[in-house]
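1. from the sequence below, what's the structure:
(chains A and B)
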Amino acid sequence: MKNSIFDALLVLLFVGFASDAGAQQFMTREGHVHFFSSTPIEDIEADNRQMSGLLDALTGEFAFQVQMRAFHFEKALMEEHFNESYVESEAFPKATFTGRIVSWERIPNDGQRHDVVAEGEFDIHGVTQPQRIEGTVQWMDGAWKLKANFEATLADHNIVIPTVVKDNISPIIAIDVEAQLLPR
Amino acid sequence: MKRLNRWLVGLVWIGTSAMHAQGLLDELNAVTEAPTLPVRATFKDTRIVNVQSNETPAEGVLHFVIAHRFGTLSSGAYDLWGLDNAQMRMAFDYGITDGLAVGVARNTYQKTYEANVKARLLRQKTGPEAFPLSVTWYSVAMANGSRVAPESTPYPFTRRLSYVHQAVVARKMSERWSLALVPSFVHRNFVQESGEAHDLALLGVGGRCKLAPRFSVNGEYHHFLTQSFGDAFSPSLSLGVDIETGGHVFQLHITNARGMFERSFLAEPAGSWANGDLYFGFNLSRVFTVKS
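-> Presented below is the predicted three-dimensional model:
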């Protein structure tokens, strides 16, 4: 009985002060996001190596964001169309993913790679959708390494593909994310 | 009691985690500055209507334009309002780098050949190192390829040449509005009438209003700063729309200029808007990624 009250207080304490505990936060400014659209006619992919992110190492909560205009494509015209016509990056400059790594407290920092699930809100093109992402985390050289791949459905985020290019762009985009977060 | 504890912890979790995730994002925003990024797509194409925009083909991209200019709309139904008198301009522009392009073109009008170079000098940027304007230089040499009659008349090649130099000063004001100021200098080695000026200076203004992600309305006007002679030519005024579909841009426009190369539409616009001496034009541009 006493123990459980103590536990509760402990959790309260951690949760309450988590955001103030500077050393408990891990951060990146150069995470890598890659996405891929594959159709029989055309493959389209882009890279962004300027993803920023914060991870609260106590609670497993995180926030990641990318500047849409920092995605680079193989063809300049793709990049222009991506920004101008699809994600409308002037109006919606960022994509964000905020949430929490499920059962974070059970993940040991033993240098091994551990499968995890992140649950949160994925915001792109100004439309927020709940998103569940499977990935791995690994404690290595004083940093948390995060890796994940997931799929996003364009229609869910109100990104419209015109009929003329409907065969060139996949309605479901595969996204890979990789980041190494260092203590702040 | 145990139940109460769980409930308490749960409550705290619910209360803080929503707040936290947002809090982390706010914190992230506070510590990460937006990167400096170039402003892209001030105009959809390398031309506003007739005149060059600040855009250049990207590195390794071949930009192919087939432009059509029909006869005057005032020519009536017999000529299908000018459609029977189509003239063409075929142009190839190649991006050597993202800021330097060279091009060649051939026009039906006066069988004119063109060679041009276009260089981006300054680029509009946003972010910590923001810059408000784009400045692009354009120089073109034009050669009239028409035969002279009688053939025996001495007509040195240099007489066929004319040159235009321009600076395109452009700014993407907003997602919707882009504006450009285009000072131009025209030099003609040979003029038709004695007393006609060989050198002309003009100040052009152009703009676009993007009404939908793939559709914009464009316009341009060129004011004579120096006169050729009298009021032989009215200033060049053009209105058009850009429609984008994948790798193509379609441009439809109405203009009082007959020719599609700089000397013609700047120095010698043929028609007057007031009399309806207007030409319908249709450009189709396509990009090919030659080198990636």
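2. contact partners for the one residue in chain A that gets nearest to chain B?
-> As assessed by C-beta to the nearest C-beta, chain B sits closest to A:A76 within chain A, at 3.1 Å. Yep, even glycine has a C-beta here, placed from its N, CA and C like the rest. Counting by C-beta atoms under 8 Å, 6 or more residues apart in numbering or on different chains, A:A76 touches B:58-59, B:61, B:98.
3. repeat the analysis, applying 10 Å as the threshold.
-> For A:A76, the contacting residues are B:40, B:57-61, B:95, B:98, B:287, B:289, B:292, by C-beta atoms under 10 Å, 6 or more residues apart in numbering or on different chains.
4. and if you look at B:V217?
-> B:207-211, B:239-242.
5. of those, closest to B:G127?
-> B:K210 (22.0 Å; C-beta to C-beta).
6. strands along chain B, start to end?
-> B:37-38, B:61-72, B:87-97, B:100-107, B:112-122, B:125-126, B:134-144, B:161-172, B:177-188, B:199-212, B:215-224, B:237-245, B:248-255, B:279-289 (DSSP state E).
7. so in that sheet, which strands flank the third one, and in what orientation?
-> When you say that, I think you mean strand B:87-97. strand B:61-72 (antiparallel), strand B:100-107 (antiparallel) (DSSP bridges).
8. dump these to JSON lines, plus distance to B:V182 and mean neighbour count.
-> Compiled in JSON lines, the strands paired with strand B:87-97 are given as follows (distance: least, C-beta to C-beta, whole Å; neighbours: other C-beta atoms under 10 Å in any protein chain shown):
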{"stretch": "strand B:61-72", "distance to B:V182": "18", "mean neighbour count": "20"}
{"stretch": "strand B:100-107", "distance to B:V182": "17", "mean neighbour count": "19"}
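9. can you add distance to B:M260 and give these back as JSON lines?
-> Converted to JSON lines, the strands paired with strand B:87-97 look like this (distance: least, C-beta to C-beta, whole Å):
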{"stretch": "strand B:61-72", "distance to B:M260": "5"}
{"stretch": "strand B:100-107", "distance to B:M260": "6"}
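10. which residue in the contacts of A:A76 has the weakest pLDDT?
-> Of all the contacts of A:A76, B:S292 carries the smallest pLDDT score, 68.
11. poorly predicted segments of the stretch 1-150 of chain B, please.
-> B:1-21 (pLDDT under 70).
12. where does it get nearest to chain A, which residue?
-> In the stretch 1-150 of chain B, the residue that lies nearest chain A is B:A58 (3.1 Å; C-beta to the nearest C-beta).
13. and the closest residue to that residue other than its chain neighbours, its phi and psi?
-> Setting aside the residues directly before and after it, B:A58 is nearest to A:A76 in space (C-beta to C-beta, 6 or more residues apart in numbering or on different chains), at 3.1 Å. Per-residue torsions, A:A76: phi -60, psi -40 (degrees, to the nearest 10).
14. mind checking pLDDT for A:A76?
-> With respect to pLDDT, A:A76 scores 84.
15. the one 4 residues further on now?
-> Per-residue pLDDT puts A:E80 at 88.
16. quick check: it is in a helix.
-> Yes - A:E80: assigned to a helix according to DSSP: H, G, I helix; E, B strand; the rest coil.
17. can you verify my assumption that it contacts B:D45?
-> No - contact criterion C-beta atoms under 10 Å: A:E80 and B:D45 do not qualify, at 11.1 Å.
18. overlap in contacts of those two?
-> B:55, B:244.
19. which one's more surrounded, those two?
-> B:D45 (23 against 17; other C-beta atoms under 10 Å in any protein chain shown).
20. the more buried one contacts B:S53, doesn't it?
-> Yes - look at B:D45 against B:S53 with C-beta under 10 Å: they come within range, at 6.6 Å.
21. which residues do these two both contact?
-> By C-beta under 10 Å, 6+ apart, the residues touching both B:D45 and B:S53 are B:208, B:218.
22. rewinding a little: drop anything exposed from the contacts of A:A76.
-> B:40, B:57-61, B:95, B:98, B:287, B:289 (16 or more other C-beta atoms under 10 Å in any protein chain shown).
23. of the residues you listed, just say which sits nearest to B:L83.
-> Closest approach between those and B:L83, by C-beta to C-beta: B:V287, at 27.3 Å.
24. wait, the closest one sits on B:F64?
-> Yes - at 7.5 Å, B:V287 counts as touching B:F64 under the criterion of C-beta under 10 Å.
25. overlap in contacts of these two?
-> Counting by C-beta under 10 Å, 6+ apart, the residues touching both B:V287 and B:F64 are B:57, B:93.
26. hey, where'd the helices end up in chain A?
-> Secondary structure of chain A (DSSP state H): helices located at A:2-17, A:76-81.
27. tell me where chain A has strands.
-> Taking DSSP E to define them, one finds strands in chain A at A:25-38, A:43-56, A:61-67, A:72-73, A:94-101, A:113-124, A:127-140, A:143-153, A:172-183.
28. give me the angle between the fifth one and strand A:143-153.
-> Read it as strand A:94-101. Comparing the axes of strand A:94-101 and strand A:143-153 via axes from the mean of the first three to the mean of the last three C-alpha atoms, to 10 degrees yields an angle of 120 degrees.
29. run the angle between strand A:94-101 and strand A:113-124 for me.
-> 140 degrees.
30. which strands or helices does strand A:94-101 pack on?
-> Judged by 3 or more C-beta pairs under 10 Å, 6 or more residues apart in numbering or on different chains; DSSP states H and E, the packing partners of strand A:94-101 are strand A:43-56, strand A:61-67, strand A:113-124, strand A:127-140, strand A:143-153, strand A:172-183, helix B:2-31.
31. tell me which of the ones you listed lies nearest to B:W137.
-> Ranked by C-beta to C-beta, the member of these that lies closest to B:W137 is strand A:61-67, at 29.8 Å.
32. what about B:F233, distance to B:W273?
-> Computed as C-beta to C-beta, to the nearest Å, the B:F233 to B:W273 distance reads 12 Å.
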